[in-house]
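*Asks:* this is a predicted model, with the sequence first.
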Amino acid sequence: QLTDCPAAYLRAPPVDPAVRAAARNAVLDAIPSRVEFAGVTPCYIPALDLIRMPTPERFRTVEDFLATKAHEQLHWSGAAHRLDRTFGKRFGDEAYAFEELVAEIGAAALGLRIGLAPQLLDSHAAYLGHWAKILRHRPSALLEASGHAQRAVDYLLAFSAQAAVADLAA
């Protein structure tokens, strides 16, 4: 679709990695989720309304840490007093796997919005069979999950927009 497009439109200004990282972190840090750094397994604990994350040093890269944090923040957005997204509570059931699909699509979409490339994490492989089963039984599930993910991304991005408005007013 870019055949014969004038070169002036194809040139992008250089991106300062430090500026991109600061902006990316500002968006994720504006989300008012409660995060505790402990343990080795990242998770959102609904009963405590808490995200538990290993320390950043336990991840292979900063990007893996941030992608995981975004994924858990997507789960956080589904709490009953936020977006009320309850599909399943038991680890390993189909409804739980559907919530994982929503969180993963949302984390990828959020990451792309803030300059964080999608990460292929080891945890994804555990859900592939469940996702395939869901899609086999309900072909529309991918669109449904994408809709929930988009609502969650919009919800999470609104926090950084509010922070930006507050900064301008100050």
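*Replies:* Great, that's in hand. Remember, predicted model here, so these are calculated numbers, not experimental data. Residues are numbered from 1 along each chain as shown.

*Asks:* phi and psi next, for residue 37.
*Replies:* Per-residue torsions, residue 37: phi -100, psi 110 (degrees, to the nearest 10).

*Asks:* residues near it, how many?
*Replies:* 12 (other C-beta atoms under 10 Å). Where you see a C-beta, it was placed from the backbone N, CA and C, and this is true even at glycine.

*Asks:* contacts only, for it.
*Replies:* By C-beta atoms under 8 Å, 6 or more residues apart in numbering, residue 37 lies in contact with 52-55.

*Asks:* read off the pLDDT value for it.
*Replies:* As predicted, residue 37 sits at a pLDDT of 97.

*Asks:* that one bridge partners, please.
*Replies:* Applying DSSP bridges to residue 37 gives these bridge partners: residue 53.

*Asks:* same question for the helix or strand hosting residue 111: list its buried residues.
*Replies:* Assigned by DSSP states H and E, residue 111 falls within helix 94-113. Under the neighbour-count criterion of 16 or more other C-beta atoms under 10 Å, helix 94-113 has 94, 96-111 buried.

*Asks:* re the thing from before, which of the contacts of residue 37 tops the neighbour count?
*Replies:* Counting by other C-beta under 10 Å, top hit in the contacts of residue 37: residue 53 with 22 neighbours.

*Asks:* just how off-centre is stretch 30-38 within its chain?
*Replies:* In this view, stretch 30-38 has its centroid 14 Å away from the chain centroid, taken as C-alpha atoms, centre = their mean, to the nearest Å.

*Asks:* does residue 116 sit in a helix, a strand or a coil?
*Replies:* Classification of residue 116 using DSSP: H, G, I helix; E, B strand; the rest coil returns coil.

*Asks:* residue 23 now?
*Replies:* helix.

*Asks:* what sits against it?
*Replies:* Residue 23 touches 114-115, counting by C-beta under 8 Å, 6+ apart.

*Asks:* how close does it sit to residue 111?
*Replies:* 13 Å (C-beta to C-beta, to the nearest Å).
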